[in-house]
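[1] Sequence plus predicted model, see below.
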Amino acid sequence: MKLAHESLRGLDRDRLLSVVEPILVAHCVDAVELLWRSDPRGWVLYLTVERAGTTEPGAGVTLDLCADISRDLSAALDVADVMPGRYRLDVGSPGIDRALYGAADYARFSGRKAKIKLREPVSGQRVISGILKGLDESGLVVLEGEGGEHKIPPAQIESGRLSFDWKAAQKSRTSRDGKRPDRRPAERYR
């Protein structure tokens, strides 16, 4: 099973993945992140999923799908007795500001707006925003931003995220005649 990011310290990784993978295959999703963490309420196993091959973050990942995966995975984890003690299971979408974890993500989301934090400043900048252009022939991440095109070695990237383009979304909601769509609810609830 391929994961973009995992942090499973303290768990038997291979046993856990052997339980998680068939559930994901059955629901036709890929795992993005699988994280074992504690929070103020106890231990949590976080799983974020997305539809295979999509370049639209969160596309097709509904609340019902997450609930179905959570129900099936919870039962499978109980039967396999993989988890130590009490824990919560949290299944969701990586969201519209999906984290980018490796060269494959930077290539896959080419054409999307992104923000990249660098390990060392380049031209005085540690954070560069712009449009991903994928990878060049030598495997460098290409980002078209302010000041032109940046070619960044993947090892130089501390973190990266997709950035939702609110202006483009607002423009697409505007009708052809330049008026905003009616925002009144179809029905009022009392």
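    It's in. Numbers count the residues shown, from 1 in each chain.

[2] Every contact and neighbour count from this point should use C-alpha atoms.
    Fine.

[3] residue ranges with poor pLDDT in this protein?
    Residue ranges of the chain with pLDDT under 70: 168-190.

[4] how about the longest helix seen in it: buried residues?
    Looking across the chain with DSSP state H, the single longest helix is helix 63-80. Residues of helix 63-80 classed as buried by neighbour count (16 or more other CA atoms under 10 Å): 65-66, 69-70, 72-74, 76.

[5] by contact count, what packs against the helix or strand following that helix?
    Using DSSP states H and E, the helix or strand that follows helix 63-80 in sequence is strand 88-92. Contact partners of strand 88-92 among helices and strands, from 3 or more CA pairs under 8 Å, 6 or more residues apart in numbering; DSSP states H and E: strand 42-51, helix 63-80.

[6] Residue 94 against residue 58, yeah?
    Yes - the criterion here is CA atoms under 8 Å, and residue 94 meets it with residue 58 at 6.4 Å.

[7] Now do the shared contacts for these two.
    Both residue 94 and residue 58 are contacted by residue 50, under the criterion CA atoms under 8 Å, 6 or more residues apart in numbering.

[8] quick check, residue 56 in a helix?
    No - looking at residue 56 with DSSP: H, G, I helix; E, B strand; the rest coil, it is coil, so not inside a helix.

[9] beta partners of residue 89?
    Assessed by DSSP bridges, residue 89 has beta-bridge partners residue 45.

[10] residues near it, how many?
    Neighbourhood size, residue 89 [other CA atoms under 10 Å]: 14.

[11] I'd like to check which residues are in contact with it.
    44-47, 70, 74.

[12] got TSV for those, with distance to residue 88 too?
    Shown next, in TSV, are the contacts of residue 89 (distance: CA to CA, whole Å):
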residue	distance to residue 88
44	5
45	6
46	8
47	11
70	10
74	9
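
[13] What is the nearest of these to residue 109?
    Closest to residue 109 out of those is residue 47 (20.7 Å), distances taken as CA to CA.

[14] Using a markdown table, please lay out the helices and strands packed on strand 88-92 together with distance to residue 128.
    Formatted as a markdown table, the helices and strands packed on strand 88-92 follow (distance: least, CA to CA, whole Å):
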| stretch | distance to residue 128 |
| --- | --- |
| strand 42-51 | 26 |
| helix 63-80 | 33 |
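
[15] Of all those, which one comes closest to residue 145?
    Residue 145 lies closest to strand 42-51 among the helices and strands packed on strand 88-92, at 27.1 Å (CA to CA).

[16] Quickly list the domain ranges of this protein.
    Per the record, the chain has its domains at 5-92, 99-165, by automatic domain parsing.

[17] and among the ones you listed, the most buried is which?
    Counting by mean count of other CA atoms under 10 Å, domain 99-165 has the highest mean neighbour count of the domains of the chain, with a mean of 17.
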